[in-house]
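> Give me coordinates for this.
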Amino acid sequence: MPSPSTTWEKRSYNVLKIKQCEFVGSFFALDKIPRDRRPQIAFAGRSNVGKSTLLNHLVGQRKMAKVSNTPGKTRSLNFFLINDRFNFVDLPGYGYAKVSKTERASWARLIEGYLKTSKQLSGLVFLLDCRRDPSEDDFQMLDWLADNQLPSIVVVTKTDKLNRDKTRRKLEQVQAQLGLPTIGFSSLARVGKNELLAAIGDLVDSKA
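This next block holds a predicted model:
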């Protein structure tokens, strides 16, 4: 029976060690993003799914990525240089209804343009809130990832909001539904960090 922290079947357990993290910049246009040869790991999900909290927990810095209780605050491609070796890329959250259609369309173009054109993209970490079922926007993103054969990891966030048994069942449900490696994550309960870092390390190594 899978543990509540993860249903990801690990080939190995070599946990990536993050020793250094530097904020590179926020980019609102594709022609402005860094063009170096370092691998990139993107983070995507609905607005307020917990991307910034997860990123801060991974790098061990509470304020590296700005955390807000207001959805829709990430409106750019935010690059973070990790160990001077690869980049984390925080994508704008999608699905937030309280912004204009024009702004939502602009975010969608930025996200899609980046995913289609980045030659250094090694994989994507896709976040889902444990309290919500995948939305139409989530399935559209997942369909795009499958069509473009981009290696992806599903992270079910905020698992501290559910008890152990409900967390286990939620992870099993998501993995069966999506057919992708699935990891349960909570920064408060300190669950899932090592599993996710190991999986990210595999993605980075695959691009090297």
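> how about low-confidence regions in this structure?
Scanning the chain for pLDDT under 70 picks out the ranges 1-13, 63, 66-74, 95-104, 107, 208.
> which stretches of it form helices?
51-59, 101-117, 136-147, 164-178, 193-207 (DSSP state H).
> any idea which of these is most buried?
Among those, ranked by average contacts under mean count of other CB atoms under 10 Å, first place goes to helix 51-59 (a mean of 22). Yep, even glycine has a C-beta here, placed from its N, CA and C like the rest.
> just how off-centre is it within its chain?
When distances are taken as CA atoms, centre = their mean, to the nearest Å, helix 51-59 is centred 9 Å away from the chain's centroid.
> do stretch 191-203 as well
On CA atoms, centre = their mean, the centre of stretch 191-203 falls 11 Å from that of its chain.
> Let's see it as CSV, backbone CA atoms only.
Once non-C-alpha atoms are left out, stretch 191-203 reads as follows in CSV (Å, rounded to 0.1, in the frame of the first residue of the first chain):
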residue,chain,number,x,y,z
VAL,A,191,5.8,15.8,3.8
GLY,A,192,7.0,15.1,0.3
LYS,A,193,10.0,17.4,0.0
ASN,A,194,12.6,14.7,-0.3
GLU,A,195,10.5,12.6,-2.8
LEU,A,196,10.0,15.7,-5.0
LEU,A,197,13.6,16.8,-4.9
ALA,A,198,14.7,13.2,-5.9
ALA,A,199,12.2,13.3,-8.8
ILE,A,200,13.4,16.8,-9.9
GLY,A,201,17.0,15.6,-9.7
ASP,A,202,16.1,12.8,-12.2
LEU,A,203,14.6,15.4,-14.6
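> Gly201 and Ile18 touch, don't they?
No. Under the criterion of CB atoms under 8 Å, Gly201 makes no contact with Ile18, lying 9.9 Å away.
> Quickly list what's touching both of those two.
Common neighbours of Gly201 and Ile18 are not found (criterion: CB atoms under 8 Å, 6 or more residues apart in numbering).
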